[in-house]
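Trainee: Fold the following, please.
(chains A and B)
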Protein chains: 2
Amino acid sequence: EITEQVIAFFQKKVLSGKRVLITAGPTFEAIDPVRGITNHSSGKMGFAIARAAIEAGAQVHLIAGPCDLNTPLQATGRITRTNVISAKEMHAATMASTDCDIFFAVAAVADWGIAKPSKEKMKRQGTKAPAIELIANPDILLDVAKAVKKKAGKPYPYCVGFAAESTTLAEHAKAKRIRKGIPMIVGNIGPDTFGSNLNQLLVIDDRGSKKLAQAEKLVLARQLIQLVAKKL
Amino acid sequence: EITEQVIAFFQKKVLSGKRVLITAGPTFEAIDPVRGITNHSSGKMGFAIARAAIEAGAQVHLIAGPCDLNTPLQATGRITRTNVISAKEMHAATMASTDCDIFFAVAAVADWGIAKPSKEKMKRQGTKAPAIELIANPDILLDVAKAVKKKAGKPYPYCVGFAAESTTLAEHAKAKRIRKGIPMIVGNIGPDTFGSNLNQLLVIDDRGSKKLAQAEKLVLARQLIQLVAKKL
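Mentor: Numbers count the residues shown, from 1 in each chain, chains lettered A, B, ... in the order given. This next block holds a predicted model:
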């Protein structure tokens, strides 16, 4: 931990004075008071980026879905955390905070919510299964990208999306970058990385792609922060 | 922790030589490689019962759904843990282990699984939402109750069910005890207790019900073990 703090101290302060907004973790879409749809995201990558951004001198707002992780570097006073449960809540919290320099959309947000969540716990009825109607959730990254403003000719926030795909990562990630209208997307093979401390990233922007070799998520987060800082 | 060990040491050895099977935690029903249906169960109550049973002298087999809890009293060598993900896996692991004296069905098992899980991550398609077809999962508690055998005229395992209800707990729990054909059921108000270290129990058998006042889950687990031991 002391070594960690020394390493943190010597990170280049490339985001000094910048405000960084980060979503992290899964969301949980309630079916009834006890059940819901969620995903395997642990929140570790988003929390690592939050830590790396603070190390680089930024002020961070971390919007976290349900995950059991401690707020990084809380003692610095340079991080604010908002806890949310559902994609709708994460969307509202994020849209209220887009006045910043960089937005990292790291959370694995549920694409679909439950149309009519049950107020009471649904009962098992023999071998019959209930129908659960899904509805599309708001698209947080798309909506932030649409809300991008300009200051002295420069658009802000600089939006970095994440893509967790189970197959053909590069193609899916490139298509997603274009579809969302964002300058940068970071691909990682979801099922291999969820919950792990290790990850492997493919950083894609309008000039091409760069692979960040397998390493601890915090190490990758620091590399990513250096790459993004050059774009501001 | 030392105080805890002293308390543990002085628990009455009411389950000496007994074998106890316990399911704990939630299950996770995969929709695709990253998404799934789960519930708010933390596993804490089932793990507390496992610990209390070991303290009381039992040999424990703990079958745990996905939860981030350490195996209790592992150093004693009197606990075996099997990790499972889905209700089907939990059913298979449990049915293979019914040769025991007591079965505590504490896990919050998904009543329904996904009929056709997708092998690849499902993609967002604008505002359209996919249909997810559910199918009834096997009923673990019912199947264990049906598999009860007799030894010297006494049925085994003695089955203890759990009921997590959002409303009218007592009626739901009593009806569930009869429906499952088990001698004892333990009710707790799910949404209030999930994730908490505190709980409040209503123990129901064929002679009536007994309330165990709000306390730490481990304290309640010890009281429950004493109650169940009298039934053997």
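Trainee: Specify the beta-bridge partners of the nearest residue to residue A:148 once chain neighbours are set aside.
Mentor: On the basis of Cβ to Cβ, 6 or more residues apart in numbering or on different chains, the spatially nearest residue to residue A:148 that is not a chain neighbour turns out to be residue A:155, at 4.9 Å. For every residue, glycine as well, the C-beta is placed using N, CA and C. Counting by DSSP bridges, residue A:155 is bridged to residue A:150.
Trainee: What's the separation between residue A:155 and residue A:146?
Mentor: For residue A:155, the distance to residue A:146 (Cβ to Cβ, to the nearest Å) stands at 12 Å.
Trainee: Quick check: next helix or strand after the helix or strand of chain A with the lowest mean pLDDT?
Mentor: The weakest-scoring helix or strand in chain A, judged by mean pLDDT, DSSP states H and E, is helix A:190-193 (a mean of 60). For helix A:190-193, the succeeding helix or strand toward the C-terminus, using DSSP states H and E, is strand A:198-205.
Trainee: who touches that following strand?
Mentor: A:45, A:169-170, A:173-174, A:177, A:183-189, A:192-193, A:209-217, A:220, A:224, A:227, A:231 (Cβ atoms under 8 Å, 6 or more residues apart in numbering or on different chains).
Trainee: what does chain A put close to chain B?
Mentor: Along chain A, the residues adjacent to chain B under the rule Cβ under 8 Å from any Cβ of the partner chain are A:31-41, A:68, A:108, A:110-112, A:119-122, A:124, A:126-136, A:139, A:164-167, A:190-191, A:194.
Trainee: Chain A: strands as residue ranges?
Mentor: For chain A, the strands defined by DSSP state E cover A:19-24, A:29-30, A:35-39, A:59-64, A:79-83, A:102-105, A:112-114, A:134-136, A:149-151, A:154-156, A:158-165, A:184-189, A:198-205, A:208-216.
Trainee: can you tell me the average pLDDT over the longest one?
Mentor: Mean pLDDT, computed over strand A:208-216, is 92.
Trainee: Mind listing the strands it pairs with, and their directions?
Mentor: Strand A:208-216 is paired, per DSSP bridges, with strand A:198-205 (antiparallel).
Trainee: What are the buried residues along the partner strand?
Mentor: For strand A:198-205, a neighbour-count test (16 or more other Cβ atoms under 10 Å in any protein chain shown) marks A:199, A:200, A:201, A:202, A:203, A:204, A:205 as buried.
Trainee: Let me see the mean pLDDT of it.
Mentor: 92.
Trainee: Kindly report the same for stretch A:74-85.
Mentor: 96.
Trainee: So which bits of that stretch are buried?
Mentor: So for stretch A:74-85, counting by 16+ other Cβ under 10 Å, buried means A:78, A:79, A:81, A:82, A:84, A:85.
Trainee: which one of these is nearest residue B:102?
Mentor: residue A:85 (36.1 Å; Cβ to Cβ).
Trainee: per-residue pLDDT, the nearest residue to the closest one once chain neighbours are set aside?
Mentor: Counting by Cβ to Cβ, 6+ apart, the nearest residue to residue A:85 once its immediate chain neighbours are dropped is residue A:28, at 5.2 Å. For residue A:28, the pLDDT comes out at 97.
Trainee: Make sure residue A:28 is actually in contact with residue A:34.
Mentor: No: between residue A:28 and residue A:34 there is no contact under Cβ atoms under 8 Å: 11.3 Å.
Trainee: So residue A:67 versus residue A:214, what's the distance?
Mentor: 22 Å.
Trainee: swap that for residue A:31, sorry
Mentor: Residue A:31 is 36 Å from residue A:214, by Cβ to Cβ.
Trainee: Run through the residues that contact the residue most central in space within chain A.
Mentor: Geometric centre of chain A, nearest residue: residue A:106, 1.4 Å, by Cα atoms, centre = their mean. Taking Cβ under 8 Å, 6+ apart, we find residue A:106 in contact with A:22, A:23, A:24, A:45, A:46, A:49, A:162.
Trainee: Ok, residue A:225 next?
Mentor: Residue A:225 touches A:14, A:15, A:49, A:52, A:53, A:55, A:56, counting by Cβ under 8 Å, 6+ apart.
Trainee: just to revisit the earlier point, which one among the buried residues of stretch A:74-85 gets closest to chain B?
Mentor: Distance to chain B across the buried residues of stretch A:74-85 (Cβ to the nearest Cβ) is lowest for residue A:85, with 10.3 Å.
Trainee: tell me the contacts of the closest one?
Mentor: A:27, A:28, A:30, A:65, A:66.
Trainee: Out of those, which two sit at the greatest distance?
Mentor: A:30 and A:65 (12.8 Å).
Trainee: Those two: which is more packed in?
Mentor: Neighbours per residue (other Cβ atoms under 10 Å in any protein chain shown) separate residue A:30 from residue A:65, with residue A:65 holding more: 26 against 18.
Trainee: In this structure the more buried one contacts residue A:22, no?
Mentor: No: look at residue A:65 against residue A:22 with Cβ under 8 Å: they stay out of range, at 11.8 Å.
Trainee: before we move on, back to that, now that the residue nearest to residue A:148 has come up, it's in contact with residue A:145, right?
Mentor: No: assessed by Cβ under 8 Å, residue A:155 is found out of contact with residue A:145, at 9.7 Å.
Trainee: So which of those two has more stuff around it?
Mentor: Between residue A:155 and residue A:145, residue A:145 has the larger neighbour count (other Cβ under 10 Å), namely 21 against 12.
Trainee: mind checking how far the more buried one is from chain B?
Mentor: As for residue A:145, its distance to chain B is 15 Å (criterion: Cβ to the nearest Cβ, to the nearest Å).
Trainee: And for residue A:64?
Mentor: 16 Å.
Trainee: That residue: how many residues sit nearby?
Mentor: Residue A:64, neighbours per other Cβ under 10 Å, totals 24.
Trainee: who touches it in this structure?
Mentor: A:23, A:24, A:25, A:43, A:46, A:47, A:81, A:82, A:83, A:84, A:107 are the contacts of residue A:64 under Cβ under 8 Å, 6+ apart.
Trainee: partners of it in the sheet?
Mentor: Bridge pairing for residue A:64 - DSSP bridges - gives residue A:24, residue A:83.
Trainee: thinking again about what came up before, of all pairs in the contacts of residue A:64, which one is the farthest apart?
Mentor: Of all pairs in the contacts of residue A:64, the most separated under Cβ to Cβ is A:47 and A:84 at 14.7 Å.
Trainee: When residue A:31 and residue A:214 are compared, which one has more neighbours?
Mentor: Neighbour totals were compared for residue A:31 and residue A:214, and residue A:31 leads with 22 against 13 (other Cβ under 10 Å).
Trainee: thought the more buried one was touching residue A:114?
Mentor: Yes: using Cβ under 8 Å, residue A:31 makes contact with residue A:114 at a distance of 5.4 Å.
Trainee: Find the residues that touch each one of the two.
Mentor: A:37, A:132.
Trainee: Show the low-confidence segments of chain A, by residue range.
Mentor: For chain A, the stretches flagged by pLDDT under 70 are A:1, A:166, A:189-194.
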